[in-house]
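Colleague: For reference, the sequence and a predicted model appear below.
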Amino acid sequence: MVKTLKPFKFLSASLLAAVLAHGAPASAEHAFSLYDAPKYPAGFTHFDYVNPDAPKRGTLYLANPDRRTSFDKFNPFSLKGVAAAGIDQFMFETLAVGSSDEVASMYGLLADDMALAPDRRSMRFHINPRARFNNGDAVTAADVKYSFDTLVEKGAPQFKSLFGDVARCVVVDPSTVRFDFKSDNRELPLIVGGLPVFSRKWAAGTPFDRIQLTAPIASGPYAIDSYDLGRSIIYRRRADYWGNDVPARKGMYNFERIVYRFYKDDLARLEAFKAGEFDVVVEYSAKNWARGYTGPKFSNGEIVKKAFPHHNGANTQGFVMNLRRPQFQDARVRQALGLALDFEWMNRQLFYNQYTRLDSYFANSELAATGSPTEAELQLLQPFRDQLPAAVFGPVIKPPNTNPPGSLRANLLQARQLFADAGWHYRDGALRNDKGEIFQLEILDDQPSMSRVIGIYVRNLEKLGVQVNQRVVDYALVQKLLENFEFDMTSLAIPASNSPGSEMFDIYGSRSANEAGSNNVWGLKNAAVDQLLGKIVAARSRAELVTATHALDRVLLNLYITVPHWYSGTHRMAYRNRFGIPATLPLYYEANPYVVSMWWEEKPR
């Protein structure tokens with residue numbers, strides 16, 4: 001969400017001038033924490049989970065990190081098109097960056113000091129005078145303002161939502177920028193600290209949403225070396241990178257070159273890895289992990305297979321339903337659809353018992369609701385008692401289970417009754433309403449590896465009389481269909497956050513439900529959810545945040561908008577045995593960014 005910065009002890013001259021012009025801020029700091037004191041004090045030299053002496057050398061070969069089999073643009077902030085893998089992480093930097101040891105702190109990166117006003121209605125950042133774009137220009141306050149204005153006005157819709165409570169960005173002087181806030185949303189300092197910054201000269205004269213293959217003018221540690229559409233992209237570390245000694249960058253981004261090679265499917269990617277075409281793979285398939293990572297190279301140590309533990313909250317993953325579709329309007333129907341998924345059988349037969357069922361929108365974290373609501377949670381929920389299911393106010397619901405004494409048959413019988421209560425009855429070989437219309441839905445996906453999972457789910461749905469079309473298309477088309485909400489049901493993962501905030505409005509808020517390109521793929525519009533999102537962003541302590549998130553979790557679970565999937569508490573990774581890896585793992589991290597930002601070459605390829 002945010003990035004990192006150079007420590008300082010004194011208020012800069014330019015920031016002091018701004019203070020005199022606009023009233024005294026809270027004391028300037030090297031870091032900002034939403035709730036507690038930052039872990040790393042002023043004067044710290046590097047994060048604990050990096051090797052500050054890691055050598056800068058070598059080439060790291062990677063496969064496309066997700067299901068993007070190609071790319072058609074270098075602008076990761078526009079709505080249309082598919083951005084090149086790695087470009088946002090390698091080339092664009094933010095004013096400040098989060099620590100992977102904390103849930104809601106930020107340390108300066110492009111900024112070398114920051115100050116929150118006493119009334120919390122504005123935040124100032126002073127730009128590090130050493131910060132440079134890859135064309136040699138200094139990063140200025142005007143570039144920060146340009147980036148903010150451009151993203152809000154011309155970027156993908158989520159930026160307008162994310163920065164919705166930011167009134168304006170003001171250039172105080174050439175090195176100082178101030179963000180004025182519309183509200184006292186406590187997360188706003190973190191949000192503006194995470195603003196990606198780029199040069200005003202980038203593709204000058206071209207409308208922002210039409211920037212395609214013009215290389216970004218940005219401040220990150222890498223620049224594009226070469227590319228071959230549909231096959232590869234190569235990044236080269238900048239010899240003039242300005243941030244090598246910034247504490248938030250010390251010991252990071254250690255490879256001289258990073259090469260992404262693109263593969264059409266998971267099988268081709270795995271075979272290419274075994275053949276030595278690239279160096280590291282993150283495996284998401286339990287079957288592949290159990291059966292595919294074997295052979296002489298694993299036995300002799302040439303390739304290492306390892307599960308890296310993490311403390312991340314689990315992604316919200318499942319079959320999501322498009323509530324804009326008429327067949328999903330009734331919550332009883334949505335609950336019935338969930339009863340047809342037999343996770344326990346899948347975990348035994350398909351997943352080698354490697355997964356845990358998701359039972360929360362904030363699973364694997366303290367943010368997940370448990371037991372019955374506390375008094376503090378009830379105070380938040382009580383105003384909506386007449387609008388919410390009664391179960392919200394009782395013990396938290398759990399996903400259906402088929403382990404004895406439960407069974408799939410019992411779950412399907414319950415589902416059939418729920419369908420009947422909602423006006424759908426089995427007759428003439430199908431589930432029909434009073435008009436004789438058949439209950440139909442299409443499950444959209446772009447992963448052939450998910451077909452067997454979807455197939456088993458479809459088999460159970462068909463026992464209920466539901467007619468299902470299983471549609472597999474490529475990544476680019478799925479993205480386009482999701483952006484325009486042209487789907488019935490699809491498998492999707494929403495990245496977890498250990499400190500949820502304003503981004504939740506884009507995911508669950510009513511105002512984003514009909515905004516093309518938003519992350520509210522469900523089309524959820526619910527007054528109680530909106531109010532609870534407001535409580536989350538207004539929380540003044542971690543305890544208040546946890547309480548509000550528990551209340552939100554209870555509501556979302558009882559709306560049955562997702563058929564929940566499963567999660568793992570480890571990152572499954574295989575890699576060629578030639579890398580240096582820091583001795584200390586971060587607490588919160590994703591696998592691919594961890595490799596490219598913190599590992600280094602120990603032995604040449």
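Modeller: Thanks, I have the structure now. As the structure is a prediction and not an experimental result, all values here were calculated from the model. Residues are numbered from 1 along each chain as shown.

Colleague: By mean pLDDT, point me to the weakest helix or strand of the chain.
Modeller: helix 13-22 (a mean of 30; mean pLDDT, DSSP states H and E).

Colleague: Which secondary structure elements does whichever helix or strand comes after that helix sit against?
Modeller: Using DSSP states H and E, the helix or strand that follows helix 13-22 in sequence is strand 31-33. If contacts are counted by 3 or more Cβ pairs under 8 Å, 6 or more residues apart in numbering; DSSP states H and E, strand 31-33 sits against strand 105-108, helix 188-193. C-beta here means a position set from N, CA and C on the backbone, and glycine is covered the same way.

Colleague: rerun at 6 Å
Modeller: If contacts are counted by 3 or more Cβ pairs under 6 Å, 6 or more residues apart in numbering; DSSP states H and E, strand 31-33 sits against strand 105-108.

Colleague: What mean pLDDT does the following helix or strand past the strand it packs on get?
Modeller: Next in sequence after strand 105-108, counting helices and strands by DSSP H and E, comes strand 111-116. For strand 111-116, mean pLDDT is 94.

Colleague: what does stretch 519-533 give?
Modeller: 96.

Colleague: Ends of that stretch, what's the gap?
Modeller: End-to-end span of stretch 519-533 (Cα to Cα, to the nearest Å): 15 Å.

Colleague: Report the buried residues of it.
Modeller: 519-526, 528-529, 531-533 (16 or more other Cβ atoms under 10 Å).

Colleague: check contacts around the residue nearest to residue 114 when sequence neighbours are not counted.
Modeller: Leaving out its chain neighbours, the residue that sits closest to residue 114 by Cβ to Cβ, 6 or more residues apart in numbering is residue 125, at 5.0 Å. Applying Cβ atoms under 6 Å, 6 or more residues apart in numbering, we find residue 125 in contact with 95, 111, 114, 177.

Colleague: any chance of those in JSON lines, with neighbour count and distance to residue 130 too?
Modeller: Shown next, in JSON lines, are the contacts of residue 125 (neighbours: other Cβ atoms under 10 Å; distance: Cβ to Cβ, whole Å):
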{"residue": "95", "neighbour count": "31", "distance to residue 130": "14"}
{"residue": "111", "neighbour count": "31", "distance to residue 130": "12"}
{"residue": "114", "neighbour count": "27", "distance to residue 130": "17"}
{"residue": "177", "neighbour count": "28", "distance to residue 130": "17"}
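
Colleague: Just the closest of those residues to residue 331, please.
Modeller: Closest to residue 331 out of the contacts of residue 125 is residue 95 (42.7 Å), distances taken as Cβ to Cβ.

Colleague: is it true that the closest one touches residue 111?
Modeller: Yes. Here residue 95 lies in contact with residue 111, judged by Cβ atoms under 6 Å, at a distance of 4.4 Å.

Colleague: helix/strand/coil for the residue nearest to residue 114?
Modeller: Assigned with DSSP: H, G, I helix; E, B strand; the rest coil, residue 125 falls in the strand class.

Colleague: Residues in a beta bridge with it, which ones?
Modeller: Taking DSSP bridges as the rule, residue 125 bridges to residue 114, residue 177.

Colleague: Ramachandran angles for residue 521?
Modeller: Main-chain torsions, residue 521, degrees, to the nearest 10: phi -70, psi -30.

Colleague: Run through the chain and note the low-pLDDT ranges.
Modeller: For the chain, the stretches flagged by pLDDT under 70 are 1-28, 67.

Colleague: all helices in the stretch 301-450 of the chain, in order from the N-terminus.
Modeller: 331-339, 343-349, 375-381, 408-421 (DSSP state H, counting those that start in this stretch).

Colleague: Nearest to residue 228, out of these?
Modeller: helix 343-349 (38.8 Å).

Colleague: Need the contact partners of that closest one.
Modeller: 353, 355, 357, 402-403.

Colleague: Would you mind listing which of these are buried?
Modeller: Using 16+ other Cβ under 10 Å, the buried ones in the contacts of helix 343-349 are 355, 357, 402.

Colleague: Out of the residues you listed, the closest to residue 457 would be?
Modeller: The nearest member of the buried ones among the contacts of helix 343-349 to residue 457, counting by Cβ to Cβ, is residue 402 at 13.0 Å.

Colleague: got a list of what the closest one touches?
Modeller: 342, 344, 408.

Colleague: what's the answer for residue 551, then?
Modeller: 377, 380-381, 532.

Colleague: secondary structure element for it?
Modeller: Going by DSSP H and E, residue 551 is part of helix 542-559.

Colleague: same question, residue 575
Modeller: strand 570-576.

Colleague: Distance-wise, check the residue nearest to residue 201 when sequence neighbours are not counted relative to residue 174.
Modeller: Using Cβ to Cβ, 6+ apart and skipping residues adjacent in sequence, the residue nearest residue 201 is residue 217, 5.4 Å away. Distance, residue 217 to residue 174, by Cβ to Cβ, to the nearest Å: 18 Å.

Colleague: more crowded one of the two?
Modeller: residue 217 (20 against 12; other Cβ atoms under 10 Å).

Colleague: what's around residue 481, how many residues?
Modeller: 16.

Colleague: Can you tell me the SS state at the residue nearest to residue 552 when sequence neighbours are not counted?
Modeller: Closest residue to residue 552 apart from its sequence neighbours, by Cβ to Cβ, 6+ apart: residue 532 at 4.3 Å. Assigned by three-state DSSP, the conformation of residue 532 is helix.

Colleague: that older thread, pipe the helices of the stretch 301-450 of the chain into CSV and attach mean neighbour count and distance to residue 483 per row.
Modeller: Shown next, in CSV, are the helices of the stretch 301-450 of the chain (neighbours: other Cβ atoms under 10 Å; distance: least, Cβ to Cβ, whole Å):
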stretch, mean neighbour count, distance to residue 483
helix 331-339, 22, 23
helix 343-349, 17, 29
helix 375-381, 16, 33
helix 408-421, 17, 31
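
Colleague: List just the one of the ones you listed that sits closest to residue 274.
Modeller: That would be helix 343-349 among the helices of the stretch 301-450 of the chain, by Cβ to Cβ, at 25.5 Å.
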